[in-house]
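Undergrad: I would like to see how this sequence folds:
(chains A and B)
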There are 2 protein chains.
Amino acid sequence: MKQDPTPPADALERATAQEFLALPHAALAYIGQDGFPGISRIALGRDAAGVPLTLISSLAPHFAALKAQPNCALMLGEPGPKGDPLTHPRLMLRARASFADAADRPVLRDLWLATHPKAKLYVDFTDFAFVRLVPLGALLNGGFGKARIIEAQDLLVKPQ
Amino acid sequence: MKQDPTPPADALERATAQEFLALPHAALAYIGQDGFPGISRIALGRDAAGVPLTLISSLAPHFAALKAQPNCALMLGEPGPKGDPLTHPRLMLRARASFADAADRPVLRDLWLATHPKAKLYVDFTDFAFVRLVPLGALLNGGFGKARIIEAQDLLVKPQ
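TA: Residues are numbered from 1 along each chain as shown, chains lettered A, B, ... in the order given. As a prediction, the model looks like this:
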């Protein structure tokens, strides 16, 4: 009998996922307007409800791509310089991008600057938009054969 | 008159791209079999011609995805713990995945182990395949407003 290769996460694994979600940046995978997969580095924060949030320039290729096709995937966690990079844990998240309304902007701006103070140089540029990355589910990978499913409700960033 | 936002790279920028290509791992964006964007960490090496190469388990979600849809994108370069992550340089590469034949495997295996000695634990497992990631072109991003185009012929990894 084959074991389920990706069982649900336990409490410790959900806590690990939460640690990843507190990281200030992520790799974002999206589908480009030409249908080709695209990849970008994004800054990561959260809104008041703990939904992962990013701030994107309209000059970035993923801006128009996410407007046209909001399905995306994020990877959080870096392997660092030592050991086999594939044995270092990381979180892979499926999400749907949702561009914030102008009315939302002042609140998101203040939340963003609290965690990304260097963004004050560009946060008010009119070609930048806040985009929520609403989690659909995730896979926590702790190395070969150690994948765990994290449910969407456990992917909202809890206040620390 | 608007300046071209992504001019071609100069010799120094091409050399920077080469440094990124020598990194042992990358983030891979692909299109999943359900059409949703996927993202994975992959180990990175090169074949004898300098073509970027990876070794993938058939249990990894990107294995079947790349077989069905070989277009993919890679991101190389990590921001590290300090400063604004978006100002740290990184290389975004478009590539086409090509699964290596069994006849190719002994040569690729030896090249791989020379740069990834810890892979000896699994390199000979029959469910692992070598996959070339044939570069189509890249964008070198050195921070806001510093994107440069790198042509495919400059994306083969030169021997050091």
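
Undergrad: now A:Thr6: how far from A:Leu12?
TA: With distances taken as C-beta to C-beta, to the nearest Å, A:Thr6 is found 16 Å from A:Leu12. Placement of C-beta: from N, CA and C, glycine included.

Undergrad: between the two, who's got more neighbours?
TA: Using other C-beta atoms under 10 Å in any protein chain shown, the more surrounded residue of A:Thr6 and A:Leu12 is A:Thr6, with 16 against 8.

Undergrad: where does chain A dip in pLDDT?
TA: Filtered on pLDDT under 70, chain A yields the residue ranges A:1-5, A:80-83, A:144-145, A:159-160.

Undergrad: now the helices for it?
TA: Under the criterion DSSP state H, helices of chain A are mapped to A:11-21, A:61-68, A:105-115.

Undergrad: mind naming the longest strand for chain A?
TA: strand A:128-141 (DSSP state E).

Undergrad: what helices or strands is that one leaning on?
TA: Packed against strand A:128-141 by the contact rule (3 or more C-beta pairs under 8 Å, 6 or more residues apart in numbering or on different chains; DSSP states H and E) you find helix A:11-21, strand A:52-57, strand A:90-99, helix A:105-115, strand A:147-150.

Undergrad: and A:Ala73, which of the ones you listed is closest to it?
TA: strand A:90-99 (5.6 Å; C-beta to C-beta).

Undergrad: in space, what's closest to A:Gly32 - neighbours in sequence excluded?
TA: Spatial nearest neighbour of A:Gly32, chain neighbours left out: A:Gly38 (4.3 Å); criterion: C-beta to C-beta, 6 or more residues apart in numbering or on different chains.

Undergrad: that neighbour against B:Ala29, yeah?
TA: Yes. At 6.4 Å, A:Gly38 counts as touching B:Ala29 under the criterion of C-beta atoms under 8 Å.

Undergrad: which one of the two has more residues nearby?
TA: Each of A:Gly38 and B:Ala29 has its neighbours counted (other C-beta under 10 Å); B:Ala29 has more, 31 against 24.

Undergrad: what is the burial count for A:Ile31?
TA: Using other C-beta under 10 Å, A:Ile31 has 22 other residues around it.

Undergrad: quickly list what it is bridged to.
TA: Assessed by DSSP bridges, A:Ile31 has beta-bridge partners A:Pro37.

Undergrad: OK, contacts around A:Ser40?
TA: A:Ser40 is in contact with A:Ala27, A:Leu28, A:Tyr30, A:Ala60, A:Pro61, A:His62, B:Met75, B:Met92, counting by C-beta atoms under 8 Å, 6 or more residues apart in numbering or on different chains.

Undergrad: how about the contacts made by the last one?
TA: Okay, so that is B:Met92. Neighbour list for B:Met92: A:Gly38, A:Ile39, A:Ser40, B:Ala73, B:Leu74, B:Met75, B:Ala138, B:Leu139, B:Asn141 [criterion: C-beta under 8 Å, 6+ apart].

Undergrad: how about 6 Å then?
TA: For B:Met92, the contacting residues are A:Ile39, B:Met75, B:Leu139, by C-beta atoms under 6 Å, 6 or more residues apart in numbering or on different chains.

Undergrad: what's across from the residue most central in space within chain A in the sheet?
TA: Closest to where the C-alpha atoms of chain A average out (C-alpha atoms, centre = their mean) is A:Leu74, at 4.7 Å. As for beta bridges, A:Leu74 partners with A:Leu28, A:Leu93 under DSSP bridges.

Undergrad: surely it meets A:Ala26?
TA: Yes. Assessed by C-beta atoms under 6 Å, A:Leu74 is found in contact with A:Ala26 at 4.5 Å.
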